[in-house]
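> quick one, fold the following:
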Amino acid sequence: MAEELEPDPKVLEDAEQSETTTEAPNATVEPSEFAFRLVNVVKAMNSGEISYHEVATSFSLADELKCLFLFIKALPYDPISPIYPETPFLFFKGVPLPRAFDISEETARDIASFMRSQNSQYYDDLHLHDLSQYHLDAYETAIRVYNDTLEKTRRSYHENVKLAKSQVFEVSAVMACIFVIFIVLIGIS
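Numbers count the residues shown, from 1 in each chain. A predicted model of the protein is given here:
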């Protein structure tokens, strides 16, 4: 039977020290990974899985918080407007509005206020050129990913609404035909 090898305490100590060196904290992490983290945390907030307080506290580094602040400021407010009832009615099913991208101006303002209350010096006169190249790349990627998935979701929502409306027309046409046939039968007898 093979015996498990225990790691040498000196090796573990050296590994921990190398993790806490002065290297950039994201040197081994691609900007796209941070970008997906930005997008996912905003989508989770919009879906009601986390609060906006948790959004701000899920990032700890100053540069990450700056990037999050600018990212939230750049997002479109209420990008998918409801065009069909969400709840079922009569014989028809409703079409739920996708909530993952439904950030309101009020929510964005609340997040910004909360973040400023934590440390206002980070956010006074903050601009994109204040971000490091890593965070700027992550910001641009996050905006692109967010907008692409938003557009796909919007198209999907509109297709579902189109299908639901066609169901309404079909059922209405059948009901009208039945009514006309019923009137004709009454007229004949």
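
> just name the shakiest helix or strand of this structure by mean pLDDT.
helix 9-19 (a mean of 39; mean pLDDT, DSSP states H and E).

> moving C-terminal of that helix, what's the next helix or strand?
Toward the C-terminus, helix 9-19 is succeeded by helix 31-46 as the next helix or strand (DSSP states H and E).

> so for that next one, what gets flagged as buried?
Pro31, Phe34, Ala35, Arg37, Leu38, Val39, Val41, Val42, Lys43, Ala44, Met45, Asn46 (16 or more other C-beta atoms under 10 Å). Where C-beta positions appear, they are placed from N, C-alpha and C, glycine not excepted.

> the second one touches Leu68, doesn't it?
Okay, so that is Phe34. No: counting by C-beta atoms under 8 Å, Phe34 does not reach Leu68; the two are 9.9 Å apart.

> just give the closest residue to the residue nearest to the spatial centre of the chain, not the sequence neighbours.
Centroid-nearest residue in the chain: Lys43, 2.2 Å away (criterion: C-alpha atoms, centre = their mean). Sequence neighbours aside, Ala100 is the residue nearest to Lys43 in space, at 4.3 Å (criterion: C-beta to C-beta, 6 or more residues apart in numbering).

> how many residues are close by that neighbour?
20 (other C-beta atoms under 10 Å).

> residue contacts, it?
Taking C-beta atoms under 8 Å, 6 or more residues apart in numbering, we find Ala100 in contact with Lys43, Asn46, Ser47, Thr153.

> of all those, which comes closest to Ala173?
Among the contacts of Ala100, Thr153 lies closest to Ala173 (C-beta to C-beta), at 30.5 Å.
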